[in-house]
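Asker: here is a sequence with its predicted model. Questions after.
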Amino acid sequence: MASTETTSEQGTPHEDAAARGDAGRGAAPGVDLAGLGAGLDALDTVQTGRTPLRQTLVSKALPPAIAVAVVLVVWQVLVWAKVTDSYKLPSPGAVWGEVSDAWTQGTLLGYIWTSVSRGLLGFLLALLIGTPLGLLVARVKFVRAAIGPILSGLQSLPSVAWVPPAVIWLGLNDSMMYAVILLGAVPSIANGLVSGVDQVPPLFLRAGRTLGATGLRGTWHIVMPAALPGYLAGLKQGWAFSWRSLMAAEIIASSPDLGVGLGQLLENGRTVGSMPMVFLAIFLILIVGIAIDLLIFSPLERRVLRGRGLLVKS
C-alpha cells in the first residue's frame, strides 16, 4: 500500500520525462533556467539601505586623512634632516603659525572669500555663455567649421597669457578678473558640451523627432539629458580653468582696489620672502579646489551616473 502511494506521488517515469521535456522546451541544452532567472533577479535588485556612518567615514574620510598624515610626517622628517635651508622649506609648525596669525587677525576668511566669490561668479558667467555656444557649435555644421578649431585653440592657450591684454583693455579692476576667467573657462565648457552631444546615440534623436520633440524641445528633452555626462565633464574642467585663470590674474595684477585674494597672498609671500605665507597660500588654493569638487561636482556626477544605472548604492 505504501509503495502504491509513493508511486502515485512521484508519477510514472513517462510522466517525469514529459514534465522535464515541457520545462526544457524552448531553452538551449544545458541551460539552467532557474539559475538564469535568479541571476537576472539579482541584477535587477538595487540595495537601497542607508550606508552606516562608521562605514562611510572609514571608506571616505580615513584614506585622505592617512595620506595627509604621511605627507606631514615626511615633510617634518625632511625639515629635521635639513635637506635645504629653513627659509626655503619651512616646518609644518611654521606654516600652522602663519594660519593662526591670519585667523587671529581676522584676514584668513577674507583671503578665501575674495577669491572664491570671484571664481564662482566668473564660472557662472562662463556657464551662461559656454552652454549656448556649445549647443550652437554642436548642432550647426557651419558654426562648428568656423568656431570649433578656435575653441580648441583657446582651450589649449595658457590663461596667464590673457592677463596683460586684459589689464591694458580693462584696467586693474574686477572686470579684468572676470574677463580672464571667461576666456579660460568658456572654451572648456563649450567643448565639453560639444563632446557630449557628439556621443548622443542617433536613435535617441530619431525617437525624439518621432514623438514631436524637435527644435528647442528636442534640445531640452533629448539632447541635453543624453549629453549630460560629457557636459558635466566640461563643467568640471571649466571650473578648473576658472580657478587657475583667477589665480594667474591675482598673482600678476595687484591693486589696493582689488583686495587680497589667495593669488595675491601668494605673491605677497614671495615679495617679502616668507615661505610660510607662500605655503599657506598654496594650501588654501588646493583646499578650495578640492572642496568645490567634493561639494558640487562629485555629488552631481554620482547622481548622473546613478540615474543611468552606472553607479549603484551599496
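Answerer: Now that the structure is in, tell me what you want to look at.
Asker: tell me the secondary structure for Leu172?
Answerer: Judged by DSSP: H, G, I helix; E, B strand; the rest coil, the three-state class of Leu172 is coil.
Asker: correct me if wrong: it contacts Gly259.
Answerer: No: counting by C-beta atoms under 8 Å, Leu172 stays clear of Gly259, with 11.5 Å between them. C-betas here are computed from N, CA, C, even on glycine.
Asker: those helices in the stretch 101-250 of the chain, which residues are they?
Answerer: Listed in chain order, the helices of the stretch 101-250 of the chain (DSSP state H, counting those that start in this stretch) span 108-139, 141-156, 163-170, 174-198, 202-210, 215-218, 224-226, 228-252.
Asker: mind listing what's buried along the shortest one?
Answerer: By neighbour count on 16 or more other C-beta atoms under 10 Å, the buried set for helix 224-226 is 224, 226.
Asker: and it, what's its mean pLDDT?
Answerer: Helix 224-226 shows an average pLDDT of 80 in the prediction.
Asker: wait, which of the helices of the stretch 101-250 of the chain is closest to Ser274?
Answerer: Ser274 sits nearest to helix 108-139 of all these, at 14.3 Å, using C-beta to C-beta.
Asker: buried residues, the closest one. List them.
Answerer: Using 16+ other C-beta under 10 Å as the test for burial, helix 108-139 gives 108, 111-112, 114-116, 118-120, 122-123, 125-127, 130-131, 133-135, 137-138.
Asker: swap in stretch 282-291?
Answerer: 284-285, 288-289.
Asker: what of stretch 144-157?
Answerer: Buried positions in stretch 144-157, judged by neighbour count with 16+ other C-beta under 10 Å: 144, 147-148, 151, 154-155.
Asker: so which of the residues you listed is the closest to Val74?
Answerer: Using C-beta to C-beta, Gln155 comes nearest to Val74 of the buried residues of stretch 144-157, at 35.5 Å.
Asker: the residue nearest to the closest one when sequence neighbours are not counted: neighbouring residues, count only.
Answerer: Closest residue in space to Gln155, ignoring its immediate chain neighbours: Pro187 at 4.0 Å, by C-beta to C-beta, 6 or more residues apart in numbering. For Pro187, the neighbour count with other C-beta atoms under 10 Å is 27.
Asker: wait, Pro187 sits on Pro149?
Answerer: No: contact status for Pro187 versus Pro149: not in contact, 11.1 Å apart, counting by C-beta under 8 Å.
Asker: which ones are touching the residue nearest to Val186 when sequence neighbours are not counted?
Answerer: Distances taken as C-beta to C-beta, 6+ apart put Gly130 closest to Val186, at 4.4 Å, once the chain neighbours are dropped. When contacts are counted by C-beta atoms under 8 Å, 6 or more residues apart in numbering, Gly130 is found next to 185-190, 193, 234, 238.
Asker: most neighbours among those, please name it.
Answerer: Ala185 (32 neighbours).
Asker: quick one: mean pLDDT over stretch 114-129.
Answerer: Regarding stretch 114-129, the rounded mean pLDDT is 93.
Asker: output the below-cut-off pLDDT ranges for this structure.
Answerer: 1-53, 56-60, 213, 215, 310-314 (pLDDT under 70).
Asker: mind running it again at 80?
Answerer: Scanning the chain with the threshold set as pLDDT under 80 gives 1-64, 86, 200-224, 226, 254-257, 305, 307-314.
Asker: now do the closest residue to Ile189 other than its chain neighbours against Gly119, distance only.
Answerer: Sequence neighbours aside, Gly130 is the residue nearest to Ile189 in space, at 3.1 Å (criterion: C-beta to C-beta, 6+ apart). Distance, Gly130 to Gly119, using C-beta to C-beta, to the nearest Å: 15 Å.
Asker: Arg209 now?
Answerer: For Arg209 relative to Gly119 (C-beta to C-beta), the value is 40 Å.
Asker: got it, and Gly307?
Answerer: Distance, Gly307 to Gly119, by C-beta to C-beta: 28 Å.
Asker: for Pro165, same thing?
Answerer: As judged by C-beta to C-beta, Pro165 and Gly119 stand 21 Å apart.
Asker: ok, Leu133 to Leu305 distance?
Answerer: Distance, Leu133 to Leu305, using C-beta to C-beta: 26 Å.
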